[in-house]
Each structure stands twice: as structure tokens, then as C-alpha cells.
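>>> Predicted model follows, preceded by the sequence.
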Amino acid sequence: MRKVEVILHDPKWQEAFEAESKHVVDALDENVVAIHHIGSTAIPGIYAKPIIDLLVEVKDIIKVDEQSSVMESLGYEVMGEFGIPDRRYFRKDSQEGVRTHHIHAFEVGSEQVERHLAFRDYMIAHTEDAQRYSELKRKLAREHPTNIDRYMDGKDEFIKEMDKKAAQWRKLQMGQ
């Protein structure tokens, strides 16, 4: 069991994202279209598990499978789709066995890319909802300090609610 720990936002998370992005671009080369910092570490002012989430948009998701050994050489565990169709998921731990990074790779144009970016941008723009999310995460971490599944399940309803709000907000932002 992994310890469920959330800590106050650390500005160094952005630097960690930028540093890791360079390694991923080097590894996946011309297949990379864009890399985005997502997840709670990308939302200033909220509590988060100190794990950097990278969303990698690629031209061809099958090429990512062909580059799995390169990702392994960077210390990533190859997880395949891991419950989300058309995603390639990788996770990385420190030498001490502490999770440090997640990579979610999708082809350009995937609805998942838009969903993740809309959620992140909505939370940054709507600090009240971001703080509600932060408090929920803190509560769940206290209630389930060694059960990541219960922690994740406890966030599910809130995330679905925010996904809906974020999608509507994004449409308004784009003038649709």
C-alpha cells in the first residue's frame, strides 16, 4: 500500500514538470506535439499529492508503444492503457520507491486531452472550486491514509461535477 499524502502547492513542481518534459521530448522525439502540466500539481494554491502529471500529445499512439523501452530507460514503468482507451500510461518512482511522475499520452485530438486541459484551466480560473477540491483531497487523505483506491473513489463524484462545469466553461471561453 502506498501512503496517501497531500501537501500544499510547491512552486518547484512547475520546474520539475519542465525538467521532465525535456527528457520525454528527447525520448519520444518527433512524435511529441505538446506536453502539458496537468493534475493538482498544476493548480496553484491547492493541496496535492506531490506527483507530477504530464499529458503528452502525440502524432501516433502506436509509436509510443514502440518507444516503451526508451521510456523504461528514463525510469518509467509501462502500464499500457491502464483503464482509459487509447491512452498510454507510464509511472515513475524515485530510487526510494516514492512515486514522482505520471505520464498520460494521447493522440492529438483525443477528447481526453480536452477534458484534462479544461479541468486544469477551470480550476485555475475558479479558485473557490479549486479550494473545495483541495479540502476534499485533504479530508480523503486523512480518512484513507493507506488506501489510494478509497482516496480516488472519494474524489470521483466531485471530479465528474467539475468536468461538466469545465466543459461548459470552456465552450463559453471559445465562444461556442
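Thanks, I have it.
>>> make it CA atoms for all contacts and neighbour counts henceforth
Noted.
>>> Tell me the gap between the longest strand anywhere in the chain and the middle of its chain.
When the chain is parsed with DSSP state E, its longest strand is strand 99-107. Taking Cα atoms, centre = their mean, to the nearest Å, one finds strand 99-107 lying 6 Å from the centre of the chain it belongs to.
>>> For that strand, enumerate the helices and strands it packs against.
The contact analysis (3 or more Cα pairs under 8 Å, 6 or more residues apart in numbering; DSSP states H and E) places strand 99-107 against strand 52-58, helix 61-66, strand 88-93.
>>> how many degrees apart are the longest one and strand 99-107 in direction?
Taking axes from the mean of the first three to the mean of the last three Cα atoms, to 10 degrees, strand 52-58 and strand 99-107 form an angle of 20 degrees between their directions.
>>> Parallel or antiparallel, list what pairs with strand 52-58.
strand 32-38 (antiparallel), strand 99-107 (parallel) (DSSP bridges).
>>> Would you mind writing the CA trace of whichever helix or strand comes after the longest one as CSV?
What that stands for is strand 99-107. Later in the chain than strand 99-107, the nearest helix or strand by DSSP states H and E is helix 111-125. The C-alpha coordinates for helix 111-125 follow below in CSV (Å, rounded to 0.1, in the frame of the first residue of the first chain):
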residue,chain,number,x,y,z
GLU,A,111,-11.3,14.1,-26.1
GLN,A,112,-9.3,13.1,-23.0
VAL,A,113,-6.8,15.9,-23.8
GLU,A,114,-9.5,18.5,-23.9
ARG,A,115,-11.1,17.1,-20.7
HIS,A,116,-7.8,17.3,-18.8
LEU,A,117,-6.9,20.7,-20.0
ALA,A,118,-10.4,22.1,-19.4
PHE,A,119,-10.4,20.7,-15.8
ARG,A,120,-7.0,22.3,-15.1
ASP,A,121,-7.8,25.6,-16.7
TYR,A,122,-11.2,25.8,-15.0
MET,A,123,-9.7,25.1,-11.6
ILE,A,124,-7.1,27.8,-12.1
ALA,A,125,-9.7,30.3,-13.1
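>>> Keeping just the C-alphas, turn the next helix or strand after helix 111-125 into CSV.
Next in sequence after helix 111-125, counting helices and strands by DSSP H and E, comes helix 127-143. Below are the C-alpha coordinates for helix 127-143, written out as CSV (Å, rounded to 0.1, in the frame of the first residue of the first chain):
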residue,chain,number,x,y,z
THR,A,127,-10.3,29.4,-7.1
GLU,A,128,-13.4,28.7,-5.0
ASP,A,129,-14.0,25.3,-6.7
ALA,A,130,-10.2,24.7,-6.5
GLN,A,131,-10.3,25.2,-2.8
ARG,A,132,-13.3,22.9,-2.4
TYR,A,133,-11.2,20.3,-4.3
SER,A,134,-8.2,20.9,-2.1
GLU,A,135,-10.3,20.5,1.1
LEU,A,136,-11.8,17.3,-0.3
LYS,A,137,-8.4,15.9,-1.0
ARG,A,138,-7.1,16.7,2.5
LYS,A,139,-10.2,15.1,4.1
LEU,A,140,-9.9,11.9,2.0
ALA,A,141,-6.1,11.7,2.7
ARG,A,142,-6.8,11.9,6.4
GLU,A,143,-9.6,9.3,6.2
